[in-house]
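*Asks:* need the 3D shape of this:
(one chain, ligands or ions: 1)
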Amino acid sequence: MAIPDVRLVRSGIRRRVRAYRPRGGILMYHRVIDTAVDPWGVCVSPEKFGEQMQVLAESRGAVGIDGFAGGGRAYRTSGRRLAVTFDDGYADNVAVALPILERHEIPATVFVIGNAVGRTREFWWDALDRAVLAPAVLPGELEINLGADRRRFTIGDGSDMRAGDGRWRADIDQPVTDRQRLFFELWNAIVVLDPDEQNQAADELLAWSGQPGSVPPIMIDGDEFAALAGHPLITIGSHTLDHLSLTDLSPQRQRAQIHDGHRRIEELAGRRVTCMSFPFGRFDDSSVGAVRELGVDMACTSVPEAATATDDRHRLPRLQALDIGGDEFARWLRDDHRLLRT
Ligand SMILES: [Zn+2]
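*Replies:* As a prediction, this is how the structure comes out:
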């Protein structure tokens, strides 16, 4: 007989206890766009996003995120309550998602990176997707500056470097091909660099893989931010200044990233902002402490659970919505999370 892992038993009990608490769901989106390469599952096609919002509209359960703050209005009202959130501040949130939200009258929160607004270059993770996962063929060797380190990667004879692993999910699947291993190693090396070093690495990678060094801006500009901030369905939240990995920073730098990012978004919005979310879903006691100090009503993680009435409002779990159609989305909410009736 196998001895059950005590952590599994505990998490099983925790799950069952949580399952009977009043609950709601905070949904996490990033981009609404058709794409062939999406290693983190953060893009939902416009068509499927429309179907998902139709499901929420029919459930009559869509609420603004303020329902999940301290008082817990979201949990007290009858029926399951669901809030839509977007992270980062991509321009497609305005051009593509907003008209769909308007059509179904679904409120949403957009957590915007302070230095994303008006940014003309991609963030490094989008450049990395484009440089390493998109090309049909890559050179067999890479030499690159990653911060202070000069690193060399050998990728083999290129036989497994063909396209066709576009469906590979970096957060679920083990890296199997050289390309996937390279992607993983680079991602983990770049995520801990400073913003300037991240940009430098992105430039080198794009040049190496033969991809254009720049693309039309994909983050929101000042006008698009203003359109969101002034929209009756939209709540603006902050998402730190530079989207660094908070758990790899000193408590002082974490605090600066969280507070400076929040102030920047408040300045742009011209009013108090009351919620934030943690980049990459990474947080620890120091980051939560810095968020409490900020005095926001709530902060969202990426812990994939429904939110329950007794959750700490400064670490509210969120469910990542995937690129699935309306029927599958409804089943996922209802069967996996008990967040939809019937
Ligand atoms: Zn983010």
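*Asks:* alpha carbons only for contacts and neighbour counts from here, please
*Replies:* OK.
*Asks:* name the next helix or strand downstream of whichever strand or helix holds residue 287, please.
*Replies:* For residue 287, the element it lies in under DSSP states H and E is helix 285-294. Later in the chain than helix 285-294, the nearest helix or strand by DSSP H and E is strand 298-300.
*Asks:* ok, that next one near the ion or not?
*Replies:* No. Counting by CA under 5 Å from the ion, the ion is not contacted by strand 298-300; separation bottoms out at 11.0 Å.
*Asks:* contacting residues around that strand?
*Replies:* 68-70, 274-278, 291, 313-318 (CA atoms under 8 Å, 6 or more residues apart in numbering).
*Asks:* at 10 Å what do you get?
*Replies:* 26, 28, 65-66, 68-70, 85, 111, 237-239, 274-279, 281, 283, 288, 291-292, 312-318 (CA atoms under 10 Å, 6 or more residues apart in numbering).
*Asks:* rewinding a little: ok, and for the helix holding residue 287, which residues are buried?
*Replies:* Of all the residues in helix 285-294, those buried under the rule 16 or more other CA atoms under 10 Å are 286, 287, 288, 290, 291, 294.
*Asks:* was I right about the third one contacting residue 281?
*Replies:* Translated: residue 288. No. Judged on CA atoms under 10 Å, residue 288 makes no contact with residue 281 at a distance of 11.9 Å.
*Asks:* who touches both of those two?
*Replies:* Here residue 288 and residue 281 have residue 315 as joint contacts, going by CA under 10 Å, 6+ apart.
*Asks:* and this structure, which residues reach the ion?
*Replies:* 87, 88, 279.
*Asks:* go ahead and confirm the second one touches residue 236.
*Replies:* No. Between residue 88 and residue 236 there is no contact under CA under 10 Å: 11.0 Å.
*Asks:* common neighbours of those two, please.
*Replies:* In contact with both residue 88 and residue 236: 110, 111, 112, using CA under 10 Å, 6+ apart.
*Asks:* still on that earlier bit, most neighbours out of the residues of the chain next to the ion, which is it?
*Replies:* residue 88 (28 neighbours; other CA atoms under 10 Å).
*Asks:* next, the contact list for that residue, please.
*Replies:* Contacts for residue 88 (CA under 10 Å, 6+ apart) come out as 29-31, 110-117, 123, 219-220, 237-240, 242-243, 277, 279.
*Asks:* please redo it, this time with the cut-off set to 7 Å
*Replies:* By CA atoms under 7 Å, 6 or more residues apart in numbering, the contact list for residue 88 reads 30, 111, 112, 113, 239.
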